[in-house]
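Novice: After the sequence you'll find the predicted model.
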Amino acid sequence: MSKYQITTNEMLTMSITDRQYIMKVSDLPDEEKPREKLITDGPRGLSITELLAIILGTGTKREEVMTMSSRLLREYGEKNIINQTNPTTISNELNVPISKSCQIVACFELGRRFFQKKSEGLNNIRSARQAFEYLTDMRNLSKEQFRGLYLNSRYQLIHDETISVGSINASIVHPREVFYPAIQYGATALIVAHNHPSGELKASANDREVTEKLKEAGKILGIEVLDHIIIASNKFISIL
């Protein structure tokens with residue numbers, strides 16, 4: 001193995017001409033760099049160290065970003081750093097710039113707030129009307145957006161995902177893109193929706209083709225497609 005062919009979990013100190021050289025993210029193959037991995041593999045393909053390194057962005061003159069990320073988690077502990085709300089404490093105790101500790105605190109606070117909002121109560125969505133009432137943010141979008149609402153066996157919303165942005169057609173909205181989150185989150189049913197920025201409430205041939213493909217794929221996977229709705233301003237129609 002070449003000395004440069006190591007993974008991010010093997011950030012080793014290397015000796016070059018009798019001096020120590022710390023491997024940098026820039027030295028890694030593109031497929032092993034955290035940001036590139038996030039783009040190609042998604043967040044679940046990254047370690048906590050790699051995700052934290054992306055949040056930090058860069059290291060300092062004395063400490064490379066992956067080394068810093070690994071050290072912060074090792075010295076402070078994952079649970080402690082997640083729950084710490086005082087950036088000054090992190091900065092002082094872990095000897096990192098205050099700007100870096102602010103990034104950490106802000107990141108985990110965002111996650112905490114989104115989680116609390118989500119856990120306040122699961123939405124029951126069983127009909128096109130209920131889906132329309134939930135998707136209020138789609139009513140005045142300037143671009144066409146295709147969304148999936150993923151439900152458990154009690155028709156409670158367990159995941160909401162934007163599947164694509166742009167003109168909706170059968171080649172762009174492929175069943176694998178729609179059903180991957182359903183499998184990932186253990187959904188037993190789903191409702192899909194897209195908006196018409198033009199305000200016209202009429203299902204196109206493409207809209208109906210997409211719907212039929214999803215229905216057939218759902219039957220094979222055992223995941224019910226309850227509806228496909230089109231939203232335009234304060235109105236909606238159901239394709240199913």
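Specialist: Done, it's in. Residues are numbered from 1 along each chain as shown.
Novice: In this protein, where's the longest helix?
Specialist: helix 98-119 (DSSP state H).
Novice: right, and the helix or strand after that helix?
Specialist: For helix 98-119, the following helix or strand on the C-terminal side (DSSP states H and E) is helix 128-134.
Novice: Can you check the pLDDT for residue 197?
Specialist: pLDDT recorded at residue 197 is 89.
Novice: about what we covered before: in the longest helix of the chain, what's buried?
Specialist: For helix 98-119, the buried set under the neighbour-count rule, 16 or more other Cβ atoms under 10 Å, comprises 100, 101, 103, 104, 105, 107, 108. Every residue, glycine included, has its C-beta placed from N, CA and C.
Novice: Residue 85: what's it in contact with?
Specialist: Neighbouring residues of residue 85 by Cβ atoms under 8 Å, 6 or more residues apart in numbering: 105, 109.
Novice: and it, how far is that from residue 97?
Specialist: 18 Å (Cβ to Cβ, to the nearest Å).
Novice: Phi, psi for residue 59 please.
Specialist: Main-chain dihedrals, residue 59, degrees, to the nearest 10: phi -90, psi -150.
Novice: I'd assumed residue 67 was in contact with it.
Specialist: Yes: between residue 59 and residue 67 there is a contact at 6.9 Å, judged by Cβ atoms under 8 Å.
Novice: Backbone torsions only: list them for residue 230.
Specialist: As for residue 230, its main-chain torsions (degrees, to the nearest 10) stand at phi -110, psi 130.
Novice: re the thing from before, so for the longest helix of the chain, mean pLDDT?
Specialist: 82.
Novice: Show me what that helix is packed against.
Specialist: With contacts defined as 3 or more Cβ pairs under 8 Å, 6 or more residues apart in numbering; DSSP states H and E, the packing partners of helix 98-119 are helix 48-56, helix 78-83, helix 87-94.
Novice: what's the closest of these to residue 220?
Specialist: helix 48-56 (34.2 Å; Cβ to Cβ).
Novice: got the buried residues for that closest one?
Specialist: For helix 48-56, by 16+ other Cβ under 10 Å, it's 49, 50, 51, 52, 53, 54, 56.
Novice: what domains does the record give for this structure?
Specialist: For the chain, automatic domain parsing gives the domain ranges 8-119, 128-238.
Novice: In terms of mean pLDDT, which of the ones you listed ranks lowest?
Specialist: Looking at these, the weakest mean confidence is domain 8-119, a mean of 79.
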